[in-house]
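Asks: starting from these lines, generate the structure:
(one chain, ligands or ions: 1)
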Amino acid sequence: MSLDISSLDALHDTLTRLSTSFDTLPNHDADTLDDAGREVLAQVAERLTNNYPYHHPLYAGQMLKPPHPLARTAYQLAMWLNPNNHALDGGRASSAMEKEAVADLARMFGWTESLGHLCGGGTMANLEALWVAGQRRPGTILASSQAHYTHGRISGVLGLDFAAVPVDPRGAMDVTALERTLASGGVGTVVATLGTTGFGAVDPLPEILTLRDKYEFRLHIDAAYGGYFALADNLDDAARAAFASAGEADSIVIDPHKHGLQPYGCGCVLFADPDVGRLYQHDSPYTYFTSNELHLGEITLECSRAGASAVALWATHRLLPPVRGGQFAENLSRCRTAALGLYQYIDKSPDYLPVMAPALDIVVWAPQGASTSAISARSEALFDAAAGRDLHLALLGVPVDIARAHWCDTVRYDTETVVCLRSTLMKPEHATWLPEIEGILTHLARR
Ligand SMILES: *Cc1c(COP(=O)(O)O)cnc(C)c1O
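Replies: Next up is the predicted model:
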């Protein structure tokens with residue numbers, strides 16, 4: 001069976017137990033699915049067949065990772081009650097679980113006194129971090145040209161100036177260029193990305209921290225994708241040093257719905273200084289305070305949030321604690337091992353050109369070609385041909401400056417960007433499926 005259906009037994013058992021906890025109430029029959037509802041559900045199942053097989057190891061394209069069966073089941077169990085973590089009235093148990101789960105994430109970066117909460121995703125989390133940044137230290141927001149595109153847009157929403165800092169050949173922020181911009185003044189916050197969305201590049205955080213001593217700015221880390229690699233034991237020296245110093249930042253964003261085995265709708269923002277909570281203060285007459293304890297609705301920009309997300313993350317942390325040396329960390333290291341394996345295959349292959357060695361678990365490469373236009377066309381054709389053999393890759397537009405730094409004069413540069421192939425190897429099973437993946441790639445190149 002390709003999809004996990006067996007965990008429905010556990011859902012049934014635990015739901016039955018949850019239901020009996022309400023047995024003291026006067027009888028009230030729950031709404032159930034009638035025949036008309038079942039008919040529509042069958043149509044839904046039919047529509048959902050039109051999808052890529054995200055859960056399968058031959059899906060090796062975009063940043064899509066299947067949730068852990070426990071996360072999926074705990075989410076559904078909670079969703080039967082549908083708690084709302086806006087306020088304690090809406091989600092008493094799930095709010096407590098959110099605080100514990102967020103504390104687990106903060107501890108990954110050595111933070112024990114921080115403030116943080118879950119939110120819809122990385123974009124929302126970065127919005128909150130930059131909203132706080134703009135109030136704490138007004139000025140231009142800087143992020144690298146390979147940072148997530150939403151930083152520029154979020155700055156616009158917040159009415160803050162934004163400027164992009166060029167990147168080096170690894171796709172990481174160029175600190176010389178950063179210093180030039182800092183020296184010209186007016187910078188409020190620097191966003192360092194630990195794991196860019198395109199290449200998985202890691203900005204040189206230790207050097208950025210040295211510049212902070214000299215120029216003073218607020219430092220936000222966007223680790224929406226890469227954050228969990230703080231736990232991996234097989235990073236190169238530069239990436240390891242960057243993750244080791246992440247705790248020096250003012251705020252950090254990490255997405256449990258990227259590498260943290262969670263269903264969508266689970267991002268997290270963390271602030272080193274819990275005092276930023278005062279920026280969120282409100283005295284809404286709609287929010288009823290059923291206790292004097294700080295409730296999460298007082299420290300989030302969003303109001304209603306799925307308590308089920310917090311329950312799923314909490315459950316996952318009980319089974320797979322996000323700590324160094326644990327099973328979760330080992331699985332993450334295996335993703336990186338898979339990426340290094342694919343990179344080695346491409347590097348040796350006469351048919352393909354690597355763009356750069358992966359810093360995390362994302363590999364970007366291209367089929368051989370005489371010019372960047374020819375390479376782009378071949379990448380697109382290969383993307384389709386691979387899908388025809390059930391291998392699902394992704395495409396990435398690589399700026400020619402980056403390509404040229406690696407390919408030198410072996411290629412003619414007749415375009416501004418070159419379309420390359422990209423594989424995000426987010427499943428530990430990718431390591432064991434590499435021979436299969438490489439076999440398909442070799443076959444396709446020789447057609
Ligand atoms: C995915 C990603 C985001 C956006 O997060 P969403 O959860 O998709 O909103 C931001 N920054 C980085 C580096 C990302 O990889």
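Asks: so which elements touch the host helix or strand of residue 386?
Replies: Assigned by DSSP states H and E, residue 386 belongs to helix 372-388. With contacts defined as 3 or more Cβ pairs under 8 Å, 6 or more residues apart in numbering; DSSP states H and E, helix 372-388 has these neighbours: strand 362-367, strand 394-399, strand 417-424, helix 430-445. In this view, the C-beta of every residue, glycine as well, is placed from N, C-alpha and C.
Asks: format these as TSV; extra columns: mean neighbour count.
Replies: Listed next are those as TSV, based on neighbours: other Cβ atoms under 10 Å:
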stretch	mean neighbour count
strand 362-367	25
strand 394-399	19
strand 417-424	25
helix 430-445	17
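Asks: which residue, other than its chain neighbours, is closest to the residue of the chain at minimum distance from the ligand?
Replies: Using Cβ to the nearest ligand atom, the closest approach of the chain to the ligand is made by residue 122 at 2.3 Å. Residue nearest to residue 122 in three dimensions, not counting chain neighbours: residue 224, with 3.2 Å by Cβ to Cβ, 6 or more residues apart in numbering.
Asks: for that neighbour, give me the pLDDT.
Replies: What the model reports for residue 224 is a pLDDT of 98.
Asks: correct me, but it touches residue 254?
Replies: Yes. If you go by Cβ atoms under 8 Å, residue 224 and residue 254 touch, sitting 6.4 Å apart.
Asks: what touches both of the two?
Replies: 125, 267 (Cβ atoms under 8 Å, 6 or more residues apart in numbering).
Asks: before we move on, back to that, what angle do the helix holding residue 386 and strand 417-424 make?
Replies: Counting by axes from the mean of the first three to the mean of the last three Cα atoms, to 10 degrees, helix 372-388 lies at 30 degrees to strand 417-424.
Asks: what sits up against helix 372-388?
Replies: So helix 372-388 is contacted by 353, 366-369, 392-395, 400, 403, 411-415, 417-421, 440-441, 444-445, 447 (Cβ under 8 Å, 6+ apart).
Asks: hmm, try it at 7 Å
Replies: 366-367, 369, 393, 395, 400, 403, 411, 413-415, 418-421, 440, 444 (Cβ atoms under 7 Å, 6 or more residues apart in numbering).
Asks: domain assignment for the chain?
Replies: Domain assignment for the chain by automatic domain parsing gives 92-319, 327-445.
Asks: can you pull out the strands in the stretch 251-400 of the chain?
Replies: 251-254, 267-271, 352-354, 362-367, 394-399 (DSSP state E, counting those that start in this stretch).
Asks: re earlier: pipe the helices and strands packed on helix 372-388 into CSV and attach distance to residue 347 per row.
Replies: Supplementary listing: the helices and strands packed on helix 372-388 in CSV, determined by distance: least, Cβ to Cβ, whole Å:
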stretch, distance to residue 347
strand 362-367, 9
strand 394-399, 17
strand 417-424, 14
helix 430-445, 12
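Asks: and residue 358, its phi and psi?
Replies: phi -70, psi 140 (degrees, to the nearest 10).
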